[in-house]
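**Q** no sequence on this one, just coordinates:
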C-alpha cells in the first residue's frame, strides 16, 4: 500500500528500526538531547492554573495510534487543564527517544514500550512508566487460513519469519511457551506477508493493527493470534515520565494525563471521527489511507478496551498486569522490578478524582 506507514502494512520493520535507533542513541541523548519538533494547533480556552507550553514525544509517525492526544489538543482538553501550546513531536527512526526526551526535561511525557524503557532504567535513566494505552501488546503471528497456526503449540516444526528488531519479543514468547530454537525455525523477515503468501514460511510475526485478513498481492486469506493471548501478556504504547516530574511536578503530570484520558475516551467512542481527525489534520503530511487507518483504529480499540480498563479507566494498569509485564521482560533477559519500572499512582488518582472519566 503506497499510502500507509510501515506499521500499517503489517511489517514491523519500520517501527523496530525506530526502536533500534532509539535504543542505540539513548545514552548519548540522555546527556545531549537534540532534535526538532512540529507544533500542533492549540484550542482556545482558559484554565484556573497555567502550566505553560509542553511537549509530548510520540513513539512513531503521526497516525491513529495517537488519536487520543489529537483529541485532547483539538477539543481543548489540554487548554482546560492549564496548558498553552502543546507540541506533539513525531517519533521515527531519526527521532530522539521518548526516554531521552523526558529524562532531559524536554518532554513532560513520552510514548514508548517496556522493551525500550526497561533497559534504559537498568542503565540508570530516572524514568518510569506511568500509564499504558494498550492493555494487550499488539504483536501477533499470522498464517494462512488454509494452514492455520492458532496457538503457540501449533508452531512446533514450523518456519516463522521474524524481524531482527523484534527478536526480544520473539525470544520472550518462545520462552513463555517452553519452545526452543529447535522447536520453531526462525528466518529473517524480508516481507512477511509476501513470504507467507508465496509459501516461503508457515507464518510471520507482525503487528495486529496492520493485519487485514489477507496477505500478498493475491490477497490470500490469513488468520492471526496475539502473543498476548498465548503466554506473553505485556502492556504496550506506554506513557513514560521522569522521576523529577513525578516527584516535583505531580499536579502538572496529573493534568496532562487527565486531558489525554478525555481525548482517548472520545477517540475510542468514535473511530471514524478519530480517523478523520488523523488523516485530514494531524497526520495529513503522511498521506495516510483513510480505509487503512480506520481499520487500524478499530483494531486498536480492542487492545485498549478490556474488562480491566472498562472497570478502572483507560490507560490504567492493574497490579496483575504489571507483574505479568515484569515476568515477560525477564523472559527477554531484562531483569527489573515493578517498583523500578512502574508508578501508576498518578493515573489512579485521575480516576479517583473524577470517576466519571471511566
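**A** Happy to help now that I have it. Computed from a prediction, not measured in an experiment: that's the story for all the values here.
**Q** Let me see the contact set for residue 258.
**A** With contact set as Cβ atoms under 8 Å, 6 or more residues apart in numbering, residue 258 has these partners: 77, 81, 350, 353, 354, 357. (Each C-beta comes from the backbone N, C-alpha and C, glycine too.)
**Q** Do I have it right that the second one meets residue 257?
**A** No - in this structure, residue 81 is not within contact of residue 257 by Cβ atoms under 8 Å, at 9.2 Å.
**Q** Can you find the helix or strand in this protein with the smallest mean pLDDT?
**A** Ranking every helix and strand in the chain by mean pLDDT, DSSP states H and E puts helix 13-31 at the bottom, with a mean of 46.
**Q** how close does residue 50 get to residue 319?
**A** As judged by Cβ to Cβ, to the nearest Å, residue 50 and residue 319 stand 35 Å apart.
**Q** again with residue 101
**A** Taking Cβ to Cβ, one finds residue 101 at 28 Å from residue 319.
**Q** returning to that earlier point: so of the contacts of residue 258, which ones are in helices?
**A** Residues from the contacts of residue 258 lying in helices, with DSSP state H as the criterion: 77, 350, 353.
**Q** Buried only: go through these for me.
**A** Neighbour-count burial (16 or more other Cβ atoms under 10 Å) applied to these gives 77, 350.
**Q** Let's have the ones in helices among the contacts of residue 258 in a markdown table, adding pLDDT and distance to residue 178.
**A** Converted to a markdown table, the ones in helices among the contacts of residue 258 look like this (pLDDT from 0 to 100; distance: Cβ to Cβ, whole Å):
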| residue | pLDDT | distance to residue 178 |
| --- | --- | --- |
| 77 | 98 | 46 |
| 350 | 98 | 39 |
| 353 | 97 | 44 |
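**Q** Out of the ones in helices among the contacts of residue 258, the closest to residue 332 would be?
**A** The closest of those to residue 332 turns out to be residue 350 (Cβ to Cβ; 29.9 Å).
**Q** wait, isn't the closest one in contact with residue 260?
**A** No - the criterion here is Cβ under 8 Å, and residue 350 misses it with residue 260 at 9.3 Å.
**Q** how about low-confidence regions in this protein?
**A** Where the chain drops to pLDDT under 70, the residues are 1-47.
**Q** how many neighbours does residue 217 have?
**A** Using other Cβ atoms under 10 Å, residue 217 is surrounded by 10 other residues.
**Q** Make residue 1 into 220 and carry on from there
**A** Okay, residue one is now 220; in that scheme the one you just asked about reads as residue 436.
**Q** would residue 444 count as being in a strand?
**A** Yes - assigned with DSSP: H, G, I helix; E, B strand; the rest coil, residue 444 falls within a strand.
**Q** contact partners of the helix or strand containing residue 539?
**A** Using DSSP states H and E, residue 539 sits within helix 538-550. For helix 538-550, the surrounding residues in contact (Cβ under 8 Å, 6+ apart) are 333-334, 337, 354, 390-392, 394-395, 451-454, 527, 536, 554-557, 560-561, 563.
**Q** which stretches of the stretch 420-569 of the chain form strands?
**A** For the stretch 420-569 of the chain, the strands defined by DSSP state E, counting those that start in this stretch cover 422-426, 433-434, 439-445, 455-461.
**Q** Which one of these lies nearest to residue 345?
**A** strand 455-461 (6.1 Å).
**Q** roughly how far is the closest one from the heart of the chain?
**A** On the basis of Cα atoms, centre = their mean, to the nearest Å, strand 455-461 sits 9 Å off its chain's mean C-alpha point.
**Q** Now do the domain split for this protein, please.
**A** As assigned by automatic domain parsing, the chain contains the domains 225-355+453-576, 358-448.
**Q** Need the distance between the two termini of the last one.
**A** So the one you mean is domain 358-448. For domain 358-448, the first-to-last residue distance is 10 Å (Cα to Cα, to the nearest Å).
**Q** and if you look at stretch 482-501?
**A** Its start and end residues considered, stretch 482-501 measures 14 Å (Cα to Cα).
**Q** what does that stretch contact?
**A** Residues from elsewhere that reach stretch 482-501 (Cβ under 8 Å, 6+ apart): 259, 281-283, 285-294, 296, 307, 352, 507, 509, 512-513, 516-517, 520, 523-524, 533-534, 576.
**Q** again, only using 6 Å
**A** 281, 283, 286-287, 289-291, 296, 507, 509, 512-513, 516-517, 520, 533 (Cβ atoms under 6 Å, 6 or more residues apart in numbering).
**Q** among these, who's most crowded?
**A** Neighbour count (other Cβ under 10 Å) singles out residue 291 as the most crowded of those, with 32 neighbours.
**Q** give me the element that one is part of.
**A** Using DSSP H and E, residue 291 falls in helix 286-293.
**Q** measure residue 412 to residue 363 for me?
**A** Residue 412 is 11 Å from residue 363, by Cβ to Cβ.
**Q** who's more crowded, the two?
**A** The residue with more neighbours, out of residue 412 and residue 363, is residue 412; 24 against 19, by other Cβ under 10 Å.
**Q** What residues does residue 505 make contact with?
**A** residue 280.
**Q** Identify the residues contacting the spatially most central residue of the chain.
**A** Taking Cα atoms, centre = their mean as the criterion, residue 456 is the residue nearest the geometric centre of the chain, at 2.4 Å. Residues in contact with residue 456 (Cβ under 6 Å, 6+ apart) are 330, 352, 353.
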